[in-house]
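> Task: produce atomic coordinates for the following.
(one chain, ligands or ions: 1)
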Amino acid sequence: MPKIYFIDVTNRDGVQTARLGLSKLEKTMINVFLNRMGIFQSEFGFPTTTHESLYLQANLELADIGVLRPIRLQGWVRATVHDVDRAFALVPGITHLNLSMSTSNQMINAKFQGKRSRDDILKTVAEAVDAAKDHGAKTLGVNAEDASRTELDFLTRFGLVAKEHGADRVRYCDTLGYDNPFSIYDSTRALAENLGMPIELHCHGDLGMAVANSLAGARGVMDGGQDAYINTTVNGIGERAGNADLVATVLAITKSKGFAEKYQLGKAIDMTKAWKLAKFASYAFGVPIPVNQPGVGANAFAHASGIHADGVLKDPENYELYDFTELGRGEPELVETGREICSGEYGGLSGFSHLMGRMAVSFEDENQARSIVELVRYANVEAQKPLVKDELLFIAKYPQIARKLLTLTPPECAA
Ligand SMILES: [Zn+2]
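Numbering: from 1, shown residues only. The predicted structure is shown next:
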């Protein structure tokens, strides 16, 4: 039976969202948390963007030393030879890529303004896949941007070209959130049958159906005989109205009526890590989790009305589909209500030693402590808010990698 895998795209779609962003350390922590949760792959950034280079390299180093393993780290580029060459030049260790190209008539005509025909699109994608293979890419996804507004015949031709040239998957992008569960099921099933290769689902929430469409699209792919790879973001943060929320989508697959009896995960996901990940992403993005967010919202397990409260006290299953402990909730959290020492870009050794001492971290000598304080200061310059415990521990444990993450050197300006 075909299976479902998760590719989280918070560090690509999430960070390209208007008004929102993450520091390189925050992006790294998201990868660390996704890995602990058992997510198959993280779309970890933009290998053609110069300010991402050291972050991407540092994360690949974390994979080499086993910290970011088994999660697969994959970069996103446009499907052109130029971008592929540049990706491998700037991030030589990269081995997994997704190559993106617009496929709808709307985008081909309106973005390329008559400069590219459909045949040009196919040729460009074929050349980009060939180039990535030549550079030694181990796995390649090819993204059909605006797939939901692309005729199935052309989408099939597009996928077959990608497959013939050695791509491993095609990404069906519902870029504008235009699909509904019925339409995406039909499209992805036909596409899976026509292509005979695994398909990714990339759904947006412009009509409030990103999670439902991901589920229906995955079912279409699997009924078509192929593995489905669902794209999600943490807390659903992504372009405009956002992407399919990671936690809600996993819950929908594993808990909704009858679905998991036939359609199963290819890799176990540890949902007890969900709460921590959602809270961290909320803090890092500066976007509160809505109170009614599935699983991780403040009201997800709250009951007030008489009939519900009485019912849930007698048996939680009366009014709860799943238990809060399954999401890693229920542990008491210490909230400081008095004096607080925070990390900051102008912080010093005394405050830092106090912070680390509370986490039972000690240093060999003052020099070592001073060098870590310096890194913490730089991390604060990027984040512009106090670091959380996991970030401080990460810097103390991997100072050389942290230094790389925090090094941002713009290229020379043309006079
Ligand atoms: Zn997107």
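> Tell me how this structure divides into domains.
Domain assignment for the chain by automatic domain parsing gives 3-277, 349-405.
> With Thr325 as the reference, name the closest of the ones you listed.
domain 3-277 (7.5 Å; CB to CB). Any C-beta I mention is one placed from the backbone N, CA and C, and that applies to glycine too.
> circling back to that earlier point, confidence-wise, which of the domains of the chain is weakest overall?
The stretch with the lowest mean pLDDT among the domains of the chain is domain 349-405, at a mean of 92.
> Run the chain-centre distance for that one.
26 Å (CA atoms, centre = their mean, to the nearest Å).
> distance of Lys257 from Ile184?
19 Å (CB to CB, to the nearest Å).
> Looking at these two, which one has more neighbours?
Each of Lys257 and Ile184 has its neighbours counted (other CB atoms under 10 Å); Ile184 has more, 28 against 7.
> Quick check: which element contains that one?
Assessed by DSSP states H and E, Ile184 sits inside helix 181-195.
> Show me what secondary structure element comes after that helix.
In N-to-C order, the element after helix 181-195 by DSSP H and E is strand 199-203.
> then that following strand to CSV, C-alphas only?
This file holds the C-alpha atoms of strand 199-203, laid out as CSV (Å, rounded to 0.1, in the frame of the first residue of the first chain):
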residue,chain,number,x,y,z
ILE,A,199,3.4,13.2,-5.8
GLU,A,200,3.6,16.0,-3.3
LEU,A,201,0.6,18.0,-2.2
HIS,A,202,1.2,21.7,-1.6
CYS,A,203,-2.0,23.3,-0.4
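> That strand vs helix 181-195, what angle?
160 degrees (axes from the mean of the first three to the mean of the last three CA atoms, to 10 degrees).
> In a markdown table, list the domains of the chain along with distance to Thr337.
Listed next are these as a markdown table, based on distance: least, CB to CB, whole Å:
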| stretch | distance to Thr337 |
| --- | --- |
| domain 3-277 | 22 |
| domain 349-405 | 16 |
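> Out of those, which is closest to Glu412?
domain 3-277 (11.1 Å).
> Just give me how far that closest one sits from the chain centre.
Worked out by CA atoms, centre = their mean, domain 3-277 lies 9 Å from the chain centre.
> Ok, stretch 348-363 next?
32 Å.
> Pick the most buried one from the domains of the chain.
Highest mean neighbour count among those (mean count of other CB atoms under 10 Å): domain 3-277, with a mean of 21.
> Now do stretch 64-72: distance from first to last residue.
11 Å (CA to CA, to the nearest Å).
> same deal with stretch 61-76?
18 Å.
> Give me the contact list for stretch 178-197.
147-149, 152, 155-156, 159-160, 163, 167-170, 172, 174, 199, 201, 203, 206-207, 209, 212-213, 215-226, 228 (CB atoms under 8 Å, 6 or more residues apart in numbering).
> hmm, 7 Å instead?
With CB atoms under 7 Å, 6 or more residues apart in numbering as the contact definition, stretch 178-197 has outside contacts at 148-149, 152, 155-156, 159-160, 163, 169-170, 172, 174, 199, 201, 209, 212-213, 216-217, 219-221, 223-226.
> CA atoms only for it, dumped as PDB, please.
What follows is stretch 178-197 as a C-alpha-only set of coordinates in PDB (Å, rounded to 0.1, in the frame of the first residue of the first chain):
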ATOM      1  CA  TYR A 178      -8.200  27.300  -5.500                       C
ATOM      2  CA  ASP A 179      -8.900  23.500  -5.200                       C
ATOM      3  CA  ASN A 180     -11.600  21.800  -3.000                       C
ATOM      4  CA  PRO A 181     -11.300  18.300  -1.700                       C
ATOM      5  CA  PHE A 182     -13.300  16.900  -4.600                       C
ATOM      6  CA  SER A 183     -11.400  18.600  -7.400                       C
ATOM      7  CA  ILE A 184      -8.000  17.900  -5.900                       C
ATOM      8  CA  TYR A 185      -8.800  14.200  -5.400                       C
ATOM      9  CA  ASP A 186      -9.700  13.900  -9.100                       C
ATOM     10  CA  SER A 187      -6.600  15.800 -10.300                       C
ATOM     11  CA  THR A 188      -4.100  14.000  -8.100                       C
ATOM     12  CA  ARG A 189      -5.500  10.600  -8.700                       C
ATOM     13  CA  ALA A 190      -5.400  11.100 -12.500                       C
ATOM     14  CA  LEU A 191      -1.900  12.500 -12.200                       C
ATOM     15  CA  ALA A 192      -0.600   9.600 -10.100                       C
ATOM     16  CA  GLU A 193      -2.100   7.100 -12.600                       C
ATOM     17  CA  ASN A 194      -0.700   9.000 -15.600                       C
ATOM     18  CA  LEU A 195       2.800   9.600 -14.100                       C
ATOM     19  CA  GLY A 196       3.400   6.500 -12.100                       C
ATOM     20  CA  MET A 197       5.600   8.400  -9.600                       C
END
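> dump the residue contacts of the residue lying closest to Met107 once chain neighbours are set aside.
Leaving out its chain neighbours, the residue that sits closest to Met107 by CB to CB, 6 or more residues apart in numbering is Asp146, at 5.0 Å. Neighbouring residues of Asp146 by CB under 7 Å, 6+ apart: Ser102, Thr103, Ser104, Gln106, Met107, Cys173, Thr175, Leu176.
> wait, what's in contact with Leu375?
Here Leu375 is in contact with Ile395, Pro399, Ala402, Arg403, Leu406 (criterion: CB under 7 Å, 6+ apart).
> What's the separation between the second one and Ala379?
Same thing as Pro399. Distance from Pro399 to Ala379, by CB to CB: 11 Å.
> hang on, the earlier thing: with respect to Gly330, which of the domains of the chain lies nearest?
The nearest among the domains of the chain, by CB to CB, is domain 3-277 at 8.8 Å.
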